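Undergrad: The amino acid sequence is not available; the structure is as follows:
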């Protein structure tokens, strides 16, 4: 199986725009971003949300009794939007600034059902969940610090770790949601290969164009 974006001749590379956004995020000041109608504080050094954030929050199917685990939570927007729809969950991020930011947003919004943990992937998380989700850094470029991991994932480390550890953290009948994009400078079918290698099948694809119209964001649903 391959993703349909292979057929799109106008795929664009993302490296230059990512480099520019990293410079802005490192030098920026705190600001508020609206995601699905909710305002979130975004601190310097933390991913500032985009169409992919909203797509993930809207794509996840979750019930009132379900619990979730989000790997790479950033400012916490997706987890905090899911929290009122379910029994809560856990969210991790390797960037301590992101965890601090997510905790601040949880306090602002009065959400107490989500625990935020600093860690690399599943580190320190022992329980199993009904839903796993990850909107990873898509590109595999090298990084100089943990802030750059908001866009770059050297050797696809986080993506591989997510799928390799998913089965051990997923309850029977659980679902996996994985963010992706049609950037020309990434391995388009990597998530499909990783999912298959770890016993998962693609069930549904959710898509939305970026605000610039240059890219297509996807959420891949596996079971």
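TA: Good, I have the coordinates. Since the structure is predicted, the reported quantities are computational estimates derived from the model, not experimental observations. Residues are numbered from 1 along each chain as shown.
Undergrad: Tell me the spacing between residue 102 and residue 93.
TA: Separation of residue 102 from residue 93 (CB to CB, to the nearest Å): 7 Å. From N, CA and C alone the C-beta is placed, and that goes for glycine too.
Undergrad: Need the single longest strand in the protein, by residues.
TA: strand 170-181 (DSSP state E).
Undergrad: and stretch 131-138, how far from the chain's centre?
TA: 4 Å (CA atoms, centre = their mean, to the nearest Å).
Undergrad: Leaving out the residues flanking it, which one is nearest to the residue nearest to the spatial centre of the chain?
TA: Taking CA atoms, centre = their mean, the centroid of the chain lies closest to residue 135, which sits 1.8 Å from it. In space, and not counting its chain neighbours, residue 135 is closest to residue 179: 3.2 Å by CB to CB, 6 or more residues apart in numbering.
Undergrad: quick check: mean pLDDT across stretch 212-223?
TA: Throughout stretch 212-223, pLDDT has a mean value of 94.
Undergrad: Please read the previous query as pertaining to stretch 21-39.
TA: The average pLDDT for stretch 21-39 rounds to 87.
Undergrad: Okay, now that stretch: how far is its last residue from its first?
TA: For stretch 21-39, the first and last residues are 20 Å from each other (CA to CA, to the nearest Å).
Undergrad: I'd like the next helix or strand past the longest strand of the chain.
TA: Where DSSP states H and E defines the elements, the next helix or strand beyond strand 170-181 is helix 190-197.
Undergrad: Okay, angle between that next one and strand 170-181 too, please.
TA: 160 degrees (axes from the mean of the first three to the mean of the last three CA atoms, to 10 degrees).
Undergrad: pLDDT (mean, whole number) over helix 190-197?
TA: Summarised as a single mean, pLDDT over helix 190-197 is 98.
Undergrad: and it, how far from the chain's centre?
TA: On CA atoms, centre = their mean, the centre of helix 190-197 falls 17 Å from the chain's centre.
Undergrad: in that helix, what counts as buried?
TA: Going by neighbour count (16 or more other CB atoms under 10 Å), the buried part of helix 190-197 is 190-192, 194-195.
Undergrad: Cool, thanks, signing off.
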